[in-house]
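Chemist: for reference, the sequence and a predicted model appear below.
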Amino acid sequence: MRREHRGRAAVVSNQSPLFNSDNGPNSIRQWLLEEDLIDAIIALPTSMFYGTGIATYVWILDANKDPEREGKIQLIDGSDQWDSLRKPMGEKRRGVGKDHRDNLLEAYKAFEYADPAISRVMAREDFMFRDVPVYKQARFATRFSDEAVEVLRGRRDFAEGHIAVMRSLDGTAWNDLPRTFSAGARATGLKAPLGLVDAVMKAMADPDASAPLAVDRKGKPVIVPGWKLTERVPLSEDLDDHMAREVLPYAPGAQWDESKAKHGTDIPFTRVFYVPEEPRTLSEIDSDVERLMGELAAAFKTVSNE
């Protein structure tokens, strides 16, 4: 599309282009978002086409948006805007009549949250995200134990003399072990190869919430085993604000590294329009349980009398 000429297009597709993460679809979606070419996406009812009943969407692309629509994308949920055909034709059992077309057109022209069930107007950055690695850094105290010694006994580079060195380091700073263990071994005429240093650090590590954040002998953070996740953060949100709201309340002490984030795009149409249902009250549930128990008691009584 050349920006110097006005151009609009409508493309009908299944739902895959909304979120397909393969390089090709993701790159196309990224380009469409960066160039601000997506004007609106409209969800059609299912069972609209002869050969399939799958969900379909109309992408409205515009090379020269009106000023008020620049940088924005409108999502319109027309999945409930349908009439049954009097005579189905294969999978095609529904049509969008004039009244429903008018509803969709009015929602498009209003360009607002006129009806929360139909229209959403969002920034294009809402659909551009970075997947940020989130981890929890371990805190270790140094503890000598017979179990730690037994773990190391099978190593060829471990000698009996190393046991005394380990015992002397009980309670010292875990982060200092690469230096203190090596120095202690040399003082007794023993070797301390890097592989043994790493093994001693692992064997003497004792989780301690009051200890400093743990780093390995290379100075890299030591991650709590089994504790690593990826948080998806829209580009429209400040990263620290998002983490403070969505991560830290549930994982105090969690850390993240934005430099290792992977960027991508998706348009989670269904999630955008999802409205959580109000859960039933306990009194309603108790009432149903009591009713069912009564019906079961009556059924058992009938069976026992026969």
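Modeler: Cool, the structure landed. The model shown is predicted, which means the values in this text are computed figures rather than measured ones.
Chemist: residues in contact with residue 31?
Modeler: By C-beta atoms under 8 Å, 6 or more residues apart in numbering, no residues touch residue 31. Every residue, glycine included, has its C-beta placed from N, CA and C.
Chemist: oh, and call the first residue 712 from now on, that's how I've got it
Modeler: Will do, 712 is the new start, and the previous item becomes residue 742.
Chemist: with just CA atoms, put the helix or strand where it lies into PDB.
Modeler: Assessed by DSSP states H and E, residue 742 sits inside helix 734-745. The C-alpha coordinates for helix 734-745 follow below in PDB (Å, rounded to 0.1, in the frame of the first residue of the first chain):
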ATOM      1  CA  ASN A 734       7.400 -16.200  11.900                       C
ATOM      2  CA  GLY A 735       5.500 -15.500   8.700                       C
ATOM      3  CA  PRO A 736       2.100 -14.600  10.200                       C
ATOM      4  CA  ASN A 737       3.700 -12.800  13.100                       C
ATOM      5  CA  SER A 738       5.900 -10.700  10.900                       C
ATOM      6  CA  ILE A 739       2.900  -9.700   8.700                       C
ATOM      7  CA  ARG A 740       0.800  -8.800  11.800                       C
ATOM      8  CA  GLN A 741       3.700  -6.900  13.200                       C
ATOM      9  CA  TRP A 742       4.100  -4.900  10.000                       C
ATOM     10  CA  LEU A 743       0.300  -4.100   9.800                       C
ATOM     11  CA  LEU A 744       0.400  -2.900  13.400                       C
ATOM     12  CA  GLU A 745       3.600  -0.800  13.100                       C
END
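Chemist: poorly predicted segments of this protein, please.
Modeler: 712-716, 825-827, 1017 (pLDDT under 70).
Chemist: show me where it has helices.
Modeler: 727-730, 734-745, 809-821, 857-863, 872-879, 888-898, 905-914, 950-957, 980-984, 993-1016 (DSSP state H).
Chemist: distance-wise, check the closest residue to residue 727 other than its chain neighbours relative to residue 920.
Modeler: In this structure, residue 727 finds its nearest non-sequential neighbour in residue 736, 7.2 Å apart by C-beta to C-beta, 6 or more residues apart in numbering. Look at residue 736 and residue 920: by C-beta to C-beta, to the nearest Å, they are 45 Å apart.
Chemist: try residue 747
Modeler: The gap separating residue 747 from residue 920 is 48 Å, by C-beta to C-beta.
Chemist: who has more neighbours, these two?
Modeler: Neighbour count, other C-beta atoms under 10 Å: between residue 747 and residue 920, residue 747 has more, with 16 against 7.
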